[in-house]
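Student: starting from these lines, generate the structure:
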Amino acid sequence: MEIATEVATPEHVQKALDACIDYLWLGARTTANPIAVQELADAIVAHSHKPKAILVKNPVHNDPELWIGDLERLEAKGLSVIAVHRGCNHKPCWAMAHHLREKRPDIPLLIDPSHMSGNAQYISALLAKAAELQYDGSMIEVHPCPGNALSDSKQQITPDQYKQIVNGSISSQSRTNLEPITRDKAEQKDNSTLLWLRAEIDELDDQLWQTIADRMKVSQRIGEWKKANHIAPLQPQRYAQILAERLQWAEQNGLSQELIQHIFDAIHKESLKKQE
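Tutor: Numbers count the residues shown, from 1 in each chain. I've put the predicted structure just below:
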């Protein structure tokens, strides 16, 4: 059985490679710092035992170019690399992984659904999406008793759950090893670009609907305050001011003012209902 472990300092690298660990991985907070990545790359190259590959998680913030830079920094040292997409702040950030896939289709790409969701119940759905988008594998947190885990207990699954989820969610074409691959860029783009773009749209829609739901909660609180202070729900001057600002914003961003007014009126109408 091959072994992988996370390293964050040159001392970690020394101990892991002294123990002949097969794969090293760099966590999201480490990859946010290119200086730290360079120090780790230097430590790996200086050691007599070379790992089979370095797994590189995306930085904690949505910065695809920084992620690619980390990968290429390691490649420049002659190291094989594997990208691990773990999302940002429990959101997939599909656009970031899509950018990586288009620019470097030759680099194997794994999904980390555990960190991406922060919740074990979403792992199966994320693995199904990864299979659809032709990821090369996954990196999943498994624990014999997640409730007793010292960290990240909500995002871990049991070995039995792991077996059931993987058998049900990963396509038979997904790769089962971590060796570097050669991918035809044109073929990859033709087969999956639309699916990637739809994933980006779905994520943006989720954020949009959640923002509207959050806005309605605030509107309800405003309604409670207005009732307590004997103020009418509709404030025409406030409405006109915000609408004018939104229409100006639409013009600056190349959007139809009719579309923005239609959306704003619908949201405003629903907000007034919450305040009644």
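Student: please enumerate the strands of the stretch 101-250 of the chain.
Tutor: Using DSSP state E, counting those that start in this stretch, the strands assigned to the stretch 101-250 of the chain run over residues 109-111, 137-138.
Student: out of the ones you listed, which comes closest to residue 28?
Tutor: Taking CB to CB, strand 109-111 is the member of those nearest to residue 28, at 13.5 Å. Just so you know, the C-beta spots here come from the backbone N, C-alpha and C atoms, and that holds for glycine as well.
Student: give the other helices and strands that the closest one contacts.
Tutor: strand 81-85, helix 94-103, helix 123-132, strand 137-138 (3 or more CB pairs under 8 Å, 6 or more residues apart in numbering; DSSP states H and E).
Student: contacting residues for residue 110?
Tutor: For residue 110, the contact set (CB atoms under 8 Å, 6 or more residues apart in numbering) comprises 55, 82, 83, 84, 85, 135, 136, 137, 138, 139.
Student: which residue sits closest to residue 75, ignoring its sequence neighbours?
Tutor: Using CB to CB, 6 or more residues apart in numbering and skipping the chain neighbours, the partner closest in space to residue 75 is residue 81 (5.8 Å).
Student: quick check, pLDDT for that neighbour.
Tutor: For residue 81, the pLDDT comes out at 98.
Student: and the longest helix along the chain, what does it pack onto?
Tutor: Longest helix in the chain, counting residues (DSSP state H): helix 185-228. Here helix 185-228 touches helix 94-103, helix 257-275, going by 3+ CB pairs under 8 Å, 6+ apart.
Student: rewinding a little: and residue 232, which of the helices and strands packed on strand 109-111 is closest to it?
Tutor: Of all those, helix 94-103 comes closest under CB to CB, at 43.0 Å.
Student: picking up where we left off before, pick the most deeply packed of the strands of the stretch 101-250 of the chain.
Tutor: Comparing the strands of the stretch 101-250 of the chain by mean neighbour count (mean count of other CB atoms under 10 Å), strand 109-111 comes out on top with a mean of 24.
Student: thinking again about what came up before, okay, now the residue nearest to residue 75: neighbour count?
Tutor: The local packing of residue 81 (other CB atoms under 10 Å) involves 20 other residues.
Student: surely it and residue 53 touch.
Tutor: Yes - if you go by CB atoms under 8 Å, residue 81 and residue 53 touch, sitting 6.3 Å apart.
Student: could you list the domains of the protein?
Tutor: Annotated domains of the chain cover 4-183, 201-275 [automatic domain parsing].
Student: distance to residue 194 added to these, as JSON lines?
Tutor: Below are the domains of the chain laid out as JSON lines (distance: least, CB to CB, whole Å):
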{"stretch": "domain 4-183", "distance to residue 194": "11"}
{"stretch": "domain 201-275", "distance to residue 194": "10"}
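Student: ok, of those, where does mean pLDDT dip lowest?
Tutor: domain 4-183 (a mean of 91).
Student: so which of the domains of the chain is nearest residue 192?
Tutor: Checking the domains of the chain against residue 192 by CB to CB gives domain 4-183 as the closest, at 5.4 Å.
Student: centroid-nearest residue for this protein?
Tutor: Using CA atoms, centre = their mean, the residue of the chain that lies closest to the mean C-alpha position is residue 87, 1.7 Å off.
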